[in-house]
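Student: Give the three-dimensional model of this entry:
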Amino acid sequence: MPEIVQRSAAEEARLLFRNGQTDIVCTSGMCPGYVQCNLAVIPQKLADDFEEFCRRNSAACPLIYRSARGDHSAGPIAKNSDVRTDVALYRVYKSGVHTTVPSLADHDWDDLVTFYVGCSFGLEHLLQANQVPVRHIEQNVTVPMFKTNIATQRAGCFGGGSLVVSMRPMPVDKIHTAVNASRPVTTAHGMPVHVGDGRWIGIDDVSKATFGGSVQLSPGDVSVFWACGVTGSVAVENAKLELSFSHSPGSMFITDRQSEECNDADANHAVEVIPFTPTRMPIAYSYVSRDTMARVERLEALIIDDPGHRGIAPLVVKGSLLKSALALSTRHGCVAVATGFPCLPDSPYEETDGPPGALAVVRAVQALGAESITLLCHEQSVAMYREIVDFCVAEGILQRTVSMRTVSAADTDNVIETEISKFDHLVAVECISPNKTGAYPTMSGRDVSDHCSPLDRWFAAALSSNTTMTTGIGDGGNEIGMGNVQDKVRKCITNGEAIASSVGCDHLITAGVSNWGGYALAASLYALQTCHDHSYYVRFGMGTHKEPDASMMLPSVESEEKLLLKLNDLHIRDGRTPDQPMSVDGFLFSDLHAKVIRAMHSAVGQ
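Tutor: Residues are numbered from 1 along each chain as shown. Below is the predicted model:
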């Protein structure tokens, strides 16, 4: 009797391509559960550089196997295979120009090394098993792939070009499932690197793919983007080698390995996927582990304590601290931080609540690597804040100086719109706001408009933009941002009818003392940087996770005590008890505020 040869589904598929017995070009949906690979075939002398490129861009290029020089068999991952013939279509690159061919059998392989890089097709069966629809399979088209505006990390002659992503749109209630199902499958790119509108990553029209097919989104679908192994092919193409090869996008090499064999066992924990953009802007989400989210929730619980008994509980919007931190952590290229509440009767008019919290946010955003930070203050206080910033730099509280700005009533709307368009995020910490009549009232209702610059105009303009997000931090109802809850301020806060802010924000952080809100936002940013899931997302899966330096991000009792001493030296005093030194909102720093700072350190594990 003839010997019965038993072959895996993957080997059978490879034979079909080798023998030209199928018209299938896209391997999405073929051999569910098997690892599929992108290919990069390059000269031996450049192989180490390309391996390093894969390491630095591991989400896009998870390296499954590197062949020996001249070996066209992928024996360890695909028995009886021949990479020259076992793929539906290939690309041949000559000095950066490609042609598409059905076979590479005629090419000399002696000096070539083949890289087998994981593909997201290997996780699609997991999505389907979890009732996540895969639209391109439903519509029988090749998965759409796009070049983004995200630069890859370079290694030798490879890199510097665009990260390529594949898109799988899905209903919003399936996103959490899709992210957590794909997270362990790092050989198939793991978690998505962007969830939300493609415009955030340079994709203006998701119906016009760079590679692959076009997918119709169903009503309510959100675009979800995975890093794509075609990134490696683009890197090879951009290197303009004399001769190199790859698969054609969508035509993968199917291995004998099962996706489940490649799961990262340590990755089996839940990730929360949280939208952080306001409805006026293209939707964007971010990631946070449940453990990190719990830390931020502990911070939020700390700051809503109401030592002054103002009755702020109805003004609290739970979850805003996390959303503000996610927004700042994800987009912090250019940030402006505003502060200033000139409630005292004589110069310099401003109080000790506000500046420390604002500078804590500046400190944390500097540690994130913001390109530009601006401190926004009232015109009369610019010189004073310059001295404060210089002091903070000299004492190591800030890493470097920041720009100073104010806003004039003479600034036209066009000028303000142009200015705020430069910023990713505006943050206001204890920054006085106009009421419904346009006056700037203190908590007692006293009008201090003569000492105020209209800083609120930047925030009001940002709320009409589709580029700049805003956060407001306040403790009484008359600060920028509290316009979100002005009806509750009128109802629940003493003098509420007279003082209620008319200026809202995207993320309102209510605190018992506004400085605490700034401290908590800084601590939340620190907590997010310790989170591997969030780090992966903001890095787009490139590079490696780096633990943040707590001393560079978190306010300390020592640094805040120094800062408060400096404020007192400049005659900045407590707005409630102006004759009491080293005090904020009626409470001595050592009696209350130092304890809150220590509790925040404990909440984030420091």
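
Student: dump the residue contacts of residue 247.
Tutor: Residue 247 sits next to 37-39, 87, 89-91, 233, 253 when contact means CB atoms under 8 Å, 6 or more residues apart in numbering. Every residue, glycine included, has its C-beta placed from N, CA and C.

Student: Torsion angles phi and psi at it?
Tutor: Note on residue 247: its backbone torsions stand at phi -70, psi 160 [degrees, to the nearest 10].

Student: Kindly report the same for residue 424.
Tutor: Taking degrees, to the nearest 10 as the convention, residue 424 sits at phi -80, psi -30.

Student: Ok, residue 411 next?
Tutor: Dihedral pair for residue 411: phi -60, psi 130, per degrees, to the nearest 10.

Student: go on, residue 114?
Tutor: Residue torsions, per degrees, to the nearest 10, at residue 114 are phi -110, psi 130.

Student: about what we covered before: name only those of the contacts of residue 247 that count as buried.
Tutor: Listed as buried from those are 37-39, 87, 89-91, 233, 253; burial here means 16 or more other CB atoms under 10 Å.

Student: what packs against the helix or strand where residue 363 lies?
Tutor: Using DSSP states H and E, residue 363 sits within helix 355-368. Contacting helix 355-368 under the criterion 3 or more CB pairs under 8 Å, 6 or more residues apart in numbering; DSSP states H and E are the following elements: helix 320-330, strand 334-340, strand 372-376, helix 382-394, strand 425-431, helix 514-530, helix 550-553, helix 557-569.

Student: Switch these over to TSV; also include distance to residue 116, mean neighbour count and mean pLDDT.
Tutor: Below are these laid out as TSV (distance: least, CB to CB, whole Å; neighbours: other CB atoms under 10 Å; pLDDT from 0 to 100):
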stretch	distance to residue 116	mean neighbour count	mean pLDDT
helix 320-330	32	26	97
strand 334-340	41	27	98
strand 372-376	42	21	97
helix 382-394	51	17	98
strand 425-431	41	31	98
helix 514-530	33	29	98
helix 550-553	40	16	95
helix 557-569	51	18	97
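
Student: Could you dump the ones you listed into TSV and include distance to residue 502?
Tutor: Listed next are the helices and strands packed on helix 355-368 as TSV, based on distance: least, CB to CB, whole Å:
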stretch	distance to residue 502
helix 320-330	19
strand 334-340	16
strand 372-376	18
helix 382-394	25
strand 425-431	13
helix 514-530	18
helix 550-553	33
helix 557-569	29
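
Student: doesn't residue 251 make contact with residue 25?
Tutor: Yes - look at residue 25 against residue 251 with CB atoms under 8 Å: they come within range, at 5.7 Å.

Student: Hmm, residue 408 is touching residue 452, no?
Tutor: No - applying CB under 8 Å as the test, residue 408 and residue 452 come out as separate, 11.7 Å apart.

Student: Can you list which of the contacts of residue 247 are found in helices?
Tutor: residue 233 (DSSP state H).

Student: Pick out whichever of the contacts of residue 247 sits closest to residue 539.
Tutor: Set against residue 539, the nearest of those by CB to CB is residue 38 (20.5 Å).

Student: since we're on the nearest residue to the closest one once chain neighbours are set aside, how many residues are nearby?
Tutor: Once flanking residues are discounted, residue 38 sits nearest to residue 229: 3.2 Å by CB to CB, 6 or more residues apart in numbering. Number of residues near residue 229 (other CB atoms under 10 Å) recorded here: 36.

Student: OK, contacts around residue 229?
Tutor: Contacts of residue 229 by CB under 8 Å, 6+ apart are 37-38, 60-62, 117-120, 164, 189.

Student: possible to save those residues as a markdown table with secondary structure and pLDDT?
Tutor: As requested, the contacts of residue 229 are arranged in a markdown table below (DSSP: H, G, I helix; E, B strand; the rest coil; pLDDT from 0 to 100):
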| residue | secondary structure | pLDDT |
| --- | --- | --- |
| 37 | strand | 94 |
| 38 | strand | 93 |
| 60 | coil | 96 |
| 61 | coil | 96 |
| 62 | coil | 95 |
| 117 | strand | 96 |
| 118 | strand | 93 |
| 119 | coil | 92 |
| 120 | helix | 90 |
| 164 | strand | 96 |
| 189 | coil | 93 |
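
Student: Show me which pair in those is furthest apart.
Tutor: The most widely separated members of these, counting by CB to CB, are 37 and 164 (15.3 Å).

Student: residues making contact with stretch 563-583?
Tutor: Outside stretch 563-583, the residues that touch it by CB under 8 Å, 6+ apart are 308, 341, 343-344, 347-348, 350-353, 355-356, 359, 384, 387-388, 391-392, 395, 397, 442, 561, 584-586, 588-590.

Student: let's go with 6 Å and repeat that
Tutor: For stretch 563-583, contacts defined as CB atoms under 6 Å, 6 or more residues apart in numbering pick out 343, 348, 350-352, 356, 384, 391, 585-586, 589.

Student: can you check stretch 66-78 too?
Tutor: 44, 65, 81-84, 109-110, 113-115, 255-257.

Student: I believe residue 76 is in a helix; please confirm or correct that.
Tutor: No - going by DSSP: H, G, I helix; E, B strand; the rest coil, the assignment for residue 76 is coil, not a helix.

Student: how much space is there between it and residue 68?
Tutor: Counting by CB to CB, to the nearest Å, the gap from residue 76 to residue 68 is 11 Å.

Student: More neighbours: these two, which one.
Tutor: Legend: neighbour count by other CB under 10 Å for residue 76 and residue 68, higher for residue 76 (13 against 10).

Student: Under the pLDDT cut-off, which ranges of the chain? List them.
Tutor: Low-confidence segments of the chain (pLDDT under 70): 1-7, 261-268.

Student: Which of the three states applies to residue 217?
Tutor: Here residue 217 is recorded as coil under three-state DSSP.

Student: Just give the number of residues close to it.
Tutor: Residue 217: 14 surrounding residues under other CB under 10 Å.
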